[in-house]
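Peer 1: when you get a sec, could you give me coordinates for this:
(one chain, ligands or ions: 1)
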Amino acid sequence: MSPLSARGLAKSYGDVAVFSGIDLELAPGEIVALLGESGSGKSTLLNCLAGLDEADAGSITLAGRDLRPLDDEARSALRRESLGFIFQAFHLLPHLSVADNVALPLRLLGQRDDGRVAEMLAAVNLAALAARMPRQLSGGQLQRVAIARALVHRPRLVLADEPTGNLDARHATEVLELLRRCTHEAGAACLLVTHSEVAAQAADRRLRLDADGLHAG
Ligand SMILES: Nc1ncnc2c1ncn2[C@@H]1O[C@H](COP(=O)(O)OP(=O)(O)OP(=O)(O)O)[C@@H](O)[C@H]1O
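Peer 2: Got it, this is the predicted structure:
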């Protein structure tokens with residue numbers, strides 16, 4: 001089952017077309033880098049796939065289920081279960097500890113922790129910092145918390161918007177390696193928006209978005 005399949009996606013803001021005719025298929029366990037010039041629509045595409053924005057046309061099949069016949073509630077439930085999102089600005093909740101931030105997707109799904117949070121914190125090398133608050137962490141540590149949170153509920157698909165944008169080269173390489181390992185282990189697919197050629201080279205496949213659509217590149 002494909003973690004993500006999209007067909008004929010189109011999006012405009014008013015009269016301005018951002019993209020159209022976008023077809024995309026991800027295989028389990030693969031990391032795909034999404035490249036493109038500033039303003040080409042990468043974040044908009046990611047947000048449409050995540051349901052944070054709505055495409056004007058086309059279909060999205062997430063974890064084998066077509067989103068079109070589902071009402072808002074059913075779409076949200078499917079996304080909560082099947083999707084992990086890593087934002088450039090982390091979006092951790094400041095009043096929750098590191099462990100509680102990582103546990104959040106499980107709570108929202110009504111699932112018990114059963115050691116999964118500790119397992120994810122160990123995987124991202126943050127077991128010793130579980131009780132800390134986000135303000136007490138470095139940028140690289142915050143990014144690792146965000147990765148643990150995105151994967152804790154074993155989503156089929158991880159969407160990552162510039163996950164290394166705030167990091168220096170060494171931490172960026174570490175975070176990419178971690179994302180790669182965790183994604184492969186979980187059998188999830190990952191679509192990674194990036195400007196960084198280094199990040200793109202770490203991916204299994206590269207796609208480029210431009211005015212003509214999405215191309216291998
Ligand atoms: N809410 C909005 N209303 C109107 N236009 C928008 C909106 N959001 C984005 N745009 C426009 O859509 C186009 C695509 O923006 P988007 O942020 O997706 O590009 P991007 O490829 O992610 O850029 P960057 O690499 O700079 O982050 C841009 O021209 C942008 O100005």
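
Peer 1: what helix or strand is the residue nearest to the spatial centre of the chain located in?
Peer 2: Here the mean C-alpha position of the chain is nearest to the C-alpha of residue 159 (CA atoms, centre = their mean), at a distance of 1.9 Å. Element membership for residue 159 (DSSP states H and E) is strand 157-161.

Peer 1: do the same with residue 53
Peer 2: Going by DSSP H and E, residue 53 is not in any helix or strand.

Peer 1: sec struct for the nearest residue in space to it that is not next to it in sequence, please.
Peer 2: Sequence neighbours aside, residue 47 is the residue nearest to residue 53 in space, at 3.9 Å (criterion: CB to CB, 6 or more residues apart in numbering). (Each C-beta comes from the backbone N, C-alpha and C, glycine too.) Put simply, residue 47 is helix when judged by DSSP: H, G, I helix; E, B strand; the rest coil.

Peer 1: quick one: residue 47 from the ligand, how far?
Peer 2: Using CB to the nearest ligand atom, to the nearest Å, one obtains 8 Å as the distance from residue 47 to the ligand.

Peer 1: packing partners for the helix or strand bottoming out on mean pLDDT in the chain?
Peer 2: When the helices and strands of the chain are scored by mean pLDDT, DSSP states H and E, helix 169-186 comes last with a mean of 81. Applying 3 or more CB pairs under 8 Å, 6 or more residues apart in numbering; DSSP states H and E, one finds that helix 169-186 makes contact with strand 31-35, helix 116-123, helix 139-151, strand 157-161, strand 189-193, helix 197-201.

Peer 1: so which of the ones you listed gets nearest the ligand?
Peer 2: strand 189-193 (6.6 Å; CB to the nearest ligand atom).

Peer 1: partners of that closest one in the sheet?
Peer 2: Neighbouring strands of strand 189-193 in its sheet, by DSSP bridges, are strand 31-35 (parallel), strand 157-161 (parallel).

Peer 1: which residues of this structure lie near the ligand?
Peer 2: For the chain, the residues in contact with the ligand (CB under 6 Å from any ligand atom) are 13, 18, 36, 38, 39, 40, 41, 42, 43, 44.

Peer 1: may I have the secondary structure class of the last one?
Peer 2: Read it as residue 44. helix.

Peer 1: just list the residues touching residue 87, thanks.
Peer 2: The contact partners of residue 87, by CB atoms under 8 Å, 6 or more residues apart in numbering, come to 146, 161.

Peer 1: contact partners of stretch 115-133?
Peer 2: The contact list for stretch 115-133 (CB under 8 Å, 6+ apart) reads 94-99, 102-103, 106, 136-137, 141, 144-145, 147-149, 151-152, 178, 181-182.

Peer 1: what do you get if the cut-off is 6 Å, keeping everything else the same?
Peer 2: Stretch 115-133 has contacts (CB atoms under 6 Å, 6 or more residues apart in numbering) with 97, 98, 99, 102, 103, 144, 147, 148, 152, 178.

Peer 1: would you mark the buried spots in it?
Peer 2: 116, 117, 120, 121, 123, 124, 126, 129, 130, 133 (16 or more other CB atoms under 10 Å).

Peer 1: got a markdown table for those residues, with distance to residue 53 and pLDDT too?
Peer 2: As requested, these are exported to a markdown table (distance: CB to CB, whole Å; pLDDT from 0 to 100):
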| residue | distance to residue 53 | pLDDT |
| --- | --- | --- |
| 116 | 30 | 92 |
| 117 | 30 | 96 |
| 120 | 28 | 90 |
| 121 | 31 | 93 |
| 123 | 30 | 84 |
| 124 | 28 | 85 |
| 126 | 31 | 92 |
| 129 | 33 | 97 |
| 130 | 33 | 96 |
| 133 | 31 | 97 |
